[in-house]
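1. what follows is a protein structure lacking sequence information:
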């Protein structure tokens, strides 16, 4: 269920109200109970994490305001701050590792380079099952601990001269996306439809949001990304004078902390820890600091896609 705070969440509630209360593993967060608040979660961590005292996190620092590097070259944004709070609650140090391009994040996790991945990753059935957009098996799949809701945002030039307000309006235009994302898959699928209808869509893939923004300043007519990132670009690039959001937020889905399938023990501890942060107000404080309260959820679940 979506937390309602009078800031436009009502539109999301009908879509996601049931989804975030049902876990793909049949587990729903219980962080609000008095018994749960007394449980020593650190003692429930896998032995390797308890002994090392470190939780390693893979990320691509290319997605402000969700995850990026600040002026001091330190991890910043929603994900690093939530991870820091999780680490403090669990009594471990959180150590971010740079995966480079976003397309490298999940392969790095599956290859054992880090314990978890937290990089504004949309929880999808395909990623859970390890299949591509055609249903072919490509890897073992991952589990998710869901913690945020984000839809699709379309960033366009100021005054939206091409009148692009939804996915169907992309036909006949040049669209930029970050490679390996759900938006890449979405626009690739739309490209096929546009080409079939005789209104070709030109797709420009990049490794970073900054590169996509440069494309939007140049040949691209639209930049498709997560709504929080699209909003951030609109507000910050050229002091808000360059771009605007074309149309409403589309197709909201959960962001999740990704884990390997054989790491169920760590997955369940992280879900319980996230629910404790939600229950004690820490979660809301972190979201408010990054002006992302519109994506708040009422409780964390596993595999809620």
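-> Here it is on my side, so go on. Computed from a predicted model, the values in this text were never measured in an experiment. Residues are numbered from 1 along each chain as shown.
2. just to check, residue 154 is in contact with residue 244?
-> No - contact between residue 154 and residue 244 fails when scored by CB atoms under 8 Å: they sit 9.6 Å apart. Every residue, glycine included, has its C-beta placed from N, CA and C.
3. so between these two, which is more surrounded?
-> Set side by side, residue 154 and residue 244 give different neighbour counts by other CB atoms under 10 Å, the larger being at residue 154 (27 against 15).
4. ok but the more buried one is inside a strand, no?
-> Yes - if the criterion is DSSP: H, G, I helix; E, B strand; the rest coil, then residue 154 is within a strand.
5. measure it to residue 224 for me?
-> 6 Å (CB to CB, to the nearest Å).
6. likewise for residue 133?
-> When distances are taken as CB to CB, residue 133 and residue 224 turn out to be 16 Å apart.
7. who's more crowded, these two?
-> Set residue 133 next to residue 224 and count neighbours by other CB under 10 Å: residue 224 wins out with 28 against 14.
8. any regions of the chain where pLDDT drops low?
-> 1-35 (pLDDT under 70).
9. tell me where the longest helix sits in it.
-> With DSSP state H setting the assignment, residue counts place helix 264-280 as the longest helix in the chain.
10. the helix or strand harbouring residue 251 to helix 264-280, inter-axis angle?
-> Assigned by DSSP states H and E, residue 251 belongs to strand 250-260. Between the direction of strand 250-260 and that of helix 264-280, the angle (axes from the mean of the first three to the mean of the last three CA atoms, to 10 degrees) works out to 130 degrees.
11. strand 250-260 packs against which elements?
-> Strand 250-260 sits against helix 10-16, helix 105-110, strand 116-117, strand 142-157, helix 264-280, with contacts defined as 3 or more CB pairs under 8 Å, 6 or more residues apart in numbering; DSSP states H and E.
12. can you put these in a markdown table and add distance to residue 206?
-> Putting those into a markdown table (distance: least, CB to CB, whole Å) gives the following:
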| stretch | distance to residue 206 |
| --- | --- |
| helix 10-16 | 28 |
| helix 105-110 | 15 |
| strand 116-117 | 20 |
| strand 142-157 | 13 |
| helix 264-280 | 30 |
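13. quick check: which of these is nearest to residue 251?
-> With CB to CB as the measure, strand 142-157 is the member of the helices and strands packed on strand 250-260 nearest residue 251 (5.4 Å).
14. now do the closest one and strand 250-260, the angle between them.
-> Going by the same axes, to 10 degrees, strand 142-157 makes 140 degrees with strand 250-260.
15. tell me how far strand 142-157 lies from the chain's centre.
-> Using CA atoms, centre = their mean, to the nearest Å, the mean C-alpha position of strand 142-157 is found 5 Å from that of the whole chain.
16. who does the next helix-or-strand element following it pair up with?
-> Towards the C-terminus, the helix or strand next in line after strand 142-157, according to DSSP H and E, is strand 174-178. Using DSSP bridges, the neighbouring strands of strand 174-178 in the sheet come out as strand 202-206 (parallel), strand 222-226 (parallel).
17. so what's the spatially most central residue of the chain up against?
-> Closest residue to the average C-alpha location of the chain: residue 120 at 2.5 Å, with CA atoms, centre = their mean. Residues near residue 120 by CB atoms under 8 Å, 6 or more residues apart in numbering: 63, 66, 67, 78, 79, 150, 226, 229, 255.
18. quick one on the thing from earlier: out of the strands paired with strand 174-178, nearest to residue 177?
-> Residue 177 sits nearest to strand 222-226 of all the strands paired with strand 174-178, at 5.1 Å, using CB to CB.
19. which residues does the closest one contact?
-> For strand 222-226, the external contacting residues (CB under 8 Å, 6+ apart) are 63, 66, 120, 122, 150-156, 162, 164, 170, 173-178, 181, 183, 186-187, 209, 212-213, 215-216, 230, 233, 243, 246.
20. now that strand, how far from the centre of its chain.
-> Counting by CA atoms, centre = their mean, strand 222-226 is centred 14 Å from the centre of its parent chain.
21. circling back to that earlier point, now the buried members of the contacts of strand 222-226.
-> Using 16 or more other CB atoms under 10 Å as the burial test, the contacts of strand 222-226 include 63, 66, 120, 122, 150-156, 164, 170, 173-178, 181, 183, 186-187, 209, 212-213, 215-216, 230, 233, 243, 246 as buried.
22. need the outlier residue of the protein, farthest from its centre.
-> The C-alpha centroid of the chain is most remote from residue 198, which lies 33.5 Å away (CA atoms, centre = their mean).
23. show me what contacts that one?
-> By CB under 8 Å, 6+ apart, the contact list for residue 198 is empty.
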